[in-house]
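Asks: What shape does this take:
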Amino acid sequence: PLCYLFSECHNSCDRIKVRVWDEDDDIRAKLMQKLTRESDDFLGQTIIEVRTLSGEMDVWYNLEKRTDKSAVSGAIRLHISVEIKGEEKVAPYHAQYTCLHENLFYTLCENNNGQPIIPEAKGDDAWKVYFDEPSQEIVNEFAIRYGIESIYQAMTHFACLSTKYMCPGVPAVMSTLLANINAYYAHTTATTAVSAADQFAASNFGKEKFIKLLDQLHNSIRIDLSMYRNNFPSSSMDRMQDLKSTVDLLTSITFFRMKYGIVVPFRISANNNQVQELSSPPRASGVVKDCVKNCIRHTYNFLFANCDEVYKRESKQQTNIATTTTTTTTTTTTTSSSIIDNNEQNEDGVQTSVATTNVIGPSLKNLQFWHQLMYLLTCIISEDRERYNSYLNQFPSELNVGYISADTLWKLLSVDLKDHLEEHGRIPAERREVKSADYMNLHFMVKRFYDTSVKIIPEAKNTVPEYPKWFEPFVMQWLNENDDMSMEYLHNALEKDRQTGYQQTSEHCLFSSSVVDVFTQLNQCHGIIKTLDLHDPLVIAKYMKRFSVTISQVLLGYANAIRRTFENVGGQDRICSILMNNIQQLRLNLEQLYELMGGAQLDDETKAMLNDLQKQLSDVLDELSATFVKSIEPTIRQCIEEVYKQLQQIKGNQIGTGNTSGQQKGAEAMLVTKALLDYLDQRYSKN
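Replies: Down below sits the predicted model:
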């Protein structure tokens, strides 16, 4: 029910007593009122101090007992309109206070180069200090004289600060201020029967006005956080602290809005400049996460469009840092030099050449753009992980800026790099202007980028990356070209053997250096493939199958060369033995390489190819052995015949003389085998 009351007071010390009954106008109610001293329909009373009233007010008052026998529980809401005789046409005092507070605020800001002056106040009530003296004294005096509530002062100052929330130090003040405003309405006393929402609804500042202010501030913060790298540079510790306070403020706004602004729909600005209405504001962690992603997307697009300029500036800064410190080598400068230096060899052993010309964007003539871009992206991820993540840490279980940065940048890079490599892949290998070694070098750089930045993300730990598939045609191109290089190594190794007379590699080795040289090249090639650290079994199978073709080509070529050489060195038993040992060592090294490639885990086709190669090498060894035996067969037969003659002669002597002593038998045995042993010792003794 609504009741309209009118009271006239002549002194500010007067009090207005309001009593509330719930009476029924019937015989029973009137009879009970006569019989009892106090009606059970009495709901309670409240006493209002006139000096606390001013202007237009909407206030809740607790109902109190009139006597100890009363059972009272509840509150009454009063819409109070105060008019002072002679001041009927004067603006309400709350409006006057607002004008006073705002004018003081903006005047002080103007005199301070547009920056709010944050007073240095300490203590529990420090949040109620809005200005330095004498401005603070002015607003306090006005508030006391005309009954302006302290919460109204706080909300008014919050509204003023919202126009300067990006100024240094302001976000922290606003966050503290809003937290105390929330605490004022939330921390009701035991005797207060009014809910926090009802108290806020009765605020003289205006519920919808304050909620609208928070919504506008929420949208503005969201926009500015989407450019946090520009608005809060990591080089400024003060601005980084402002970033943390801004997120705290956003969290406070979201909490306040959800608690007190349910009735008023939340309005959020969409990308198309339209306004969306939501039943409640999104979670603060979700908002910050979206802002971080948006900022990272803007950063990526900017770096993609201005890669060369930013890279040169960054490299110059790192060079200056390197020259002014005692440390001669840093991780950053090493990365820079690996991009700038020409004809370099990367750590994975792939020879590459990089041009130092200006790079405007992705090109079909070189891959330098991607090296520069990934270097810059690595710097961004490092900055997000080491600097911004330590300040945007309010939601540890929901938000990790370093992870989001790496994940977002990797996804954006993946789309662009994949499309560009597909464009390269459509060009026939013989017409590509980029060398296969440069593709391999880029492959290794992408791998390092993924392993150091992306692989550590929890979501990526159990997933197989797709980037190896993008490089598949270029790795195949490199393997194809590696055939020619491997055959060149083979010819050089064989030529070296010929020039040195097929010298053994050491005193205890039975084979020459050509075997070592050939497998050094093959093992290096396999090492490069293994260093790619592929996790896709299909891609690994393709590479191992193609590499097995190279192995077969090289080893069969070596075996054929040994076969031809063997025909030309007939009679040189030492060289023939070394050549046969070379083939046997090929078989042993092939078995070791087979195990390194995966052994039983290789696909059936690759295993069949390598097993067939092993059989062919075994056949070559058998062929060489047969040829060698055939070449020494006449001499062996002659030696055996000589042994036979000596044996017959000894037998004849034994028949004539009878039994002989053991010593004589030993001498006769040596005589019998002397011709054969002398030949074998002469042929196969080590030089």
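
Asks: From here on, just use CA atoms for contacts and neighbour counts.
Replies: Fine.

Asks: Tell me which helix or strand residue 59 sits in.
Replies: strand 56-62 (DSSP states H and E).

Asks: Give me the three-state assignment for residue 83.
Replies: Classification of residue 83 by DSSP: H, G, I helix; E, B strand; the rest coil places it in coil.

Asks: any idea how far residue 9 is from it?
Replies: Here residue 83 is placed at a distance of 11 Å from residue 9 (C-alpha to C-alpha, to the nearest Å).

Asks: more crowded one of those two?
Replies: The neighbour count for residue 83 versus residue 9, taken as other C-alpha atoms under 10 Å, is higher for residue 83 (16 against 11).

Asks: Tell me, what's the model's pLDDT at that one?
Replies: Looking at residue 83, its pLDDT reads 70.

Asks: what are the phi and psi angles of it?
Replies: Residue 83 adopts backbone torsions of phi -120, psi 130, taken as degrees, to the nearest 10.

Asks: what pLDDT, on average, does stretch 117-137 get?
Replies: Averaging pLDDT along stretch 117-137 gives 91.

Asks: Buried residues of that stretch, list them for me.
Replies: Within stretch 117-137, the residues that count as buried by 16 or more other C-alpha atoms under 10 Å are 117, 127, 128, 129, 130, 131, 135, 136.

Asks: Stretch 76-95 now?
Replies: So stretch 76-95, judged by 16+ other C-alpha under 10 Å, has buried residues 76, 78, 82, 83, 92, 93, 94.

Asks: To which secondary structure element is the second one assigned?
Replies: Counting by DSSP H and E, the secondary-structure element that holds residue 78 is strand 75-81.

Asks: and that strand, what other elements does it pack with?
Replies: Here strand 75-81 touches strand 56-62, going by 3 or more C-alpha pairs under 8 Å, 6 or more residues apart in numbering; DSSP states H and E.

Asks: Could you list every helix and strand that the strand it packs on packs against?
Replies: strand 75-81.

Asks: neighbouring strands for the strand it packs on, and are they parallel or not?
Replies: strand 56-62 (antiparallel) (DSSP bridges).

Asks: contact partners of the strand it pairs with?
Replies: Strand 56-62 is contacted from outside by 46, 74-82, 92, 94, 191-194, 199, 202-204, using C-alpha atoms under 8 Å, 6 or more residues apart in numbering.

Asks: the strands in the chain, which residues?
Replies: Assigned by DSSP state E, the strands in the chain fall at 15-21, 42-49, 56-62, 75-81, 266-269, 275-278.

Asks: on that earlier part again, for the strand holding residue 59, list the C-alpha coordinates in PDB.
Replies: The C-alpha coordinates for strand 56-62 follow below in PDB (Å, rounded to 0.1, in the frame of the first residue of the first chain):
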ATOM      1  CA  GLU A  56      14.700  14.100  -3.500                       C
ATOM      2  CA  MET A  57      15.400  10.900  -1.500                       C
ATOM      3  CA  ASP A  58      14.500   7.200  -1.900                       C
ATOM      4  CA  VAL A  59      15.400   5.500   1.400                       C
ATOM      5  CA  TRP A  60      14.700   2.300   3.200                       C
ATOM      6  CA  TYR A  61      14.300   2.600   7.000                       C
ATOM      7  CA  ASN A  62      14.200  -0.300   9.400                       C
END
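
Asks: Just give me how far it sits from the chain centre.
Replies: Distance, stretch centre to chain centre, for strand 56-62: 54 Å (C-alpha atoms, centre = their mean, to the nearest Å).

Asks: any idea of the angle that strand forms with strand 42-49?
Replies: 130 degrees (axes from the mean of the first three to the mean of the last three C-alpha atoms, to 10 degrees).

Asks: What mean pLDDT does strand 56-62 get?
Replies: What strand 56-62 shows for mean pLDDT is 73.

Asks: Good, wrapping up.
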